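# below is the sequence, then the predicted model.
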Amino acid sequence: MKSSMMTGAYLLSTGSALPDISISNEMLSKVVNTSDEWISTRTGIKERRLISETMSIIDLAYSASNQALQKAKLHAQHLDLIIVATSSPNDLFGCASQLQAKIGATNAAAFDITAACSGFIVGLITASQFIYTGSYKTILIVGADILSQWVDWSDRNTCILFGDGAGAAILQANQKNYILGFQLNTNGFESNQLCLSYTKTSSQSYHNDLLGIKQGQFSHITMNGKEVYKFAVSKVPESITQCLNELNLSTDDISWLILHQANQRILNTVADKLNIPHYKLISNLQYYGNTSAASIPIALDEACKKGQMKNGDIIVMSGFGAGLTWGTVIIQWHS
C-alpha cells in the first residue's frame, strides 16, 4: 500500500556487525556429508559467520547500532524508539530492552518484532508509521539473528544455509518523505514450509501429572527447500511490481535491488523476472550465508560503505521467509 503521510522520513544511517568465526564450505564438509561444489552451485554460499560461545545476539546488535549512531553523529539518548527484528532472541520475552540498556538509550521505548527473514522490512515499515503520525522522530531499527543456534548440524539441507549477524538503520523524521511506499503479505496456510516449531516432550513429572499440563522445547529449523524457492521467485516479483505500480515507477527507475540474502539462484531469478540487470543486484551471501532478519541491513550497510548509494537513487528492498511472509519497501536515497 501507499502511505498517507503527515510527516516525512528518511534513512539517516546504517551499521552492521558480524562474528569473527568464519566457517567455509570445506570446513562444513567435515561435519556433514556435503562439499564446496554441492553448496556453492545450489546456493552461491562459500562461507558463513558463526557466533562464539562468549558472544550474544545483544553484542552483535550493540556493535551494529553503535556504528549507525556514530555515522549519524547521534547519542543513544536521542533515540525515541528501538525496534529489534529477530527470531533468535537470547530471551523469549524479547531482547530489545537489553539493547536499549546496553547502548544507553534511556529515552527510548523498545520492543521486538518476530517476522523471520522479513523482519527488517516489517521493522522499517513499522518505524515509518510511528514517524508519519508524529509519535516519534528518531528510531533505531535492528535486524539480528543467530540461527546457527537453531539448525540441525546433521541436516545438510538447512545447516549449510545459515549464518549469524546484525544490521542496523536509523530512521528520522524529515519535511520531505523518502520512504516512498511499501507492500506486505502473509500466507499462514504455508507456514509449515519453513518453521522452528515448539515440541511437547513425553517425559512427565509429578507436577505435570497433577496439573495436567505438557511442557516441551523448540526443535530445529525445518524447511521444504523446493517450496520455499517456488514461493520466493513467484511472490517477490509480484510484490515489487505492485509497489512500483502504486508509485508510478517502472523497473527502469530502480537504482539498486536489495533482496533477502537467501540463495543466489533466488536473487538472480527475481532480478531476471523483473528485467533488472544483475549489476543492480546487491549480493553478499557468498560470504555470510542467510543471516535472516540481518541480511538486508547488512547488505545495505556494506553498499553504503562502498559508496554505491548516491543522492536520489531509488532502492528497492524485499524480504521473504518463514510465516510465510514477504514484503517490499521502496526508498529514495538521501544523504
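Right, received. Where do you want to start? All values reported here derive from a predicted model rather than from experimental measurement.
# contacting residues around stretch 55-70?
With CB atoms under 8 Å, 6 or more residues apart in numbering as the test, stretch 55-70 has contacts from 13-19, 51, 75-76, 84, 86, 88-90, 95, 98-99, 102-103, 140, 142, 144-146, 164-170, 294, 297, 301. Yep, even glycine has a C-beta here, placed from its N, CA and C like the rest.
# 6 Å instead?
Applying CB atoms under 6 Å, 6 or more residues apart in numbering, the set of residues contacting stretch 55-70 from outside is 13-17, 90, 95, 98-99, 102-103, 140, 142, 144, 146, 166-168, 170.
# show me these that map onto helices.
When the contacts of stretch 55-70 are checked against helices using DSSP state H, the ones located there are 98-99, 102-103.
# any quick ChimeraX command for the buried ones out of those residues?
In ChimeraX, the members of these classed as buried (16 or more other CB atoms under 10 Å) are selected with the following command:
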select :98,99,102,103
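# which residues of the chain fall in helices?
Listed in chain order, the helices found in the chain under DSSP H are 25-28, 36-43, 57-72, 96-103, 119-132, 156-159, 206-211, 225-246, 264-273, 285-288, 295-305.
# looking only at the longest one, what residues are buried by neighbour count?
Of the residues in helix 225-246, those buried by neighbour count under the rule 16+ other CB under 10 Å are 228, 231-233, 235-237, 239-241, 243-244.
# which elements pack onto it?
Here helix 225-246 is seen to pack against strand 179-186, helix 264-273, strand 314-321, strand 325-332 when contacts are counted using 3 or more CB pairs under 6 Å, 6 or more residues apart in numbering; DSSP states H and E.
# output the ones you listed as TSV; include the columns mean pLDDT.
Converted to TSV, the helices and strands packed on helix 225-246 look like this (pLDDT from 0 to 100):
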stretch	mean pLDDT
strand 179-186	96
helix 264-273	97
strand 314-321	97
strand 325-332	97
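# hang on, the earlier thing: of the contacts of stretch 55-70, buried ones?
Judged by neighbour count, with buriedness set by 16+ other CB under 10 Å, the buried members of the contacts of stretch 55-70 are 13-17, 95, 98-99, 102-103, 140, 142, 144, 146, 166-168, 170.
# list just the nearest of the ones in helices among the contacts of stretch 55-70 to residue 185.
Sorting the ones in helices among the contacts of stretch 55-70 by distance to residue 185 puts residue 99 at the head of the list, at 28.2 Å, by CB to CB.
# how many neighbours does the closest residue to that closest one other than its chain neighbours have?
Spatially, and ignoring its direct neighbours in sequence, residue 99 is nearest to residue 61 (5.0 Å; CB to CB, 6 or more residues apart in numbering). A count of nearby residues for residue 61, using other CB atoms under 10 Å, gives 31.
# please shift the residue numbers so they start at 6 in all later answers.
Will do, 6 is the new start, and the previous item becomes residue 66.
# measure residue 66 to residue 324 for me?
Between residue 66 and residue 324 the distance, using CB to CB, to the nearest Å, works out to 18 Å.
# how's the chain carved up into domains?
In terms of domains, the chain is parsed into 13-182, 186-194+228-337 (source: automatic domain parsing).
# quick one: end-to-end distance for the shortest one.
Between the start and the finish of domain 186-194+228-337 there is a gap of 10 Å, counting by CA to CA, to the nearest Å.
# stretch 16-29 too?
34 Å.
# between the ones in helices among the contacts of stretch 60-75, which is closest to residue 192?
Each of the ones in helices among the contacts of stretch 60-75 was scored against residue 192 by CB to CB, and residue 104 proved nearest at 30.5 Å.
# quick one: contacts for that closest one?
For residue 104, the residues meeting the contact criterion (CB under 6 Å, 6+ apart) are 63, 66, 89.
# coming back round to it: I'd like the helices and strands packed on helix 230-251 as JSON lines, with mean neighbour count and distance to residue 36 appended.
Formatted as JSON lines, the helices and strands packed on helix 230-251 follow (neighbours: other CB atoms under 10 Å; distance: least, CB to CB, whole Å):
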{"stretch": "strand 184-191", "mean neighbour count": "20", "distance to residue 36": "35"}
{"stretch": "helix 269-278", "mean neighbour count": "19", "distance to residue 36": "22"}
{"stretch": "strand 319-326", "mean neighbour count": "25", "distance to residue 36": "24"}
{"stretch": "strand 330-337", "mean neighbour count": "24", "distance to residue 36": "30"}
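# among these, which is nearest residue 284?
In this view, those are compared for proximity to residue 284 by CB to CB, and helix 269-278 is the closest at 9.8 Å.
# output the closest one as PDB, nothing but the C-alphas.
Listed next in PDB are the C-alpha coordinates belonging to helix 269-278 (Å, rounded to 0.1, in the frame of the first residue of the first chain):
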ATOM      1  CA  GLN A 269      21.800 -16.700  -5.200                       C
ATOM      2  CA  ARG A 270      19.500 -18.600  -7.500                       C
ATOM      3  CA  ILE A 271      16.500 -16.900  -6.000                       C
ATOM      4  CA  LEU A 272      18.200 -13.400  -6.200                       C
ATOM      5  CA  ASN A 273      19.100 -13.900  -9.900                       C
ATOM      6  CA  THR A 274      15.700 -15.300 -10.800                       C
ATOM      7  CA  VAL A 275      13.800 -12.500  -9.200                       C
ATOM      8  CA  ALA A 276      16.000  -9.900 -11.000                       C
ATOM      9  CA  ASP A 277      15.500 -11.700 -14.300                       C
ATOM     10  CA  LYS A 278      11.800 -11.900 -13.900                       C
END
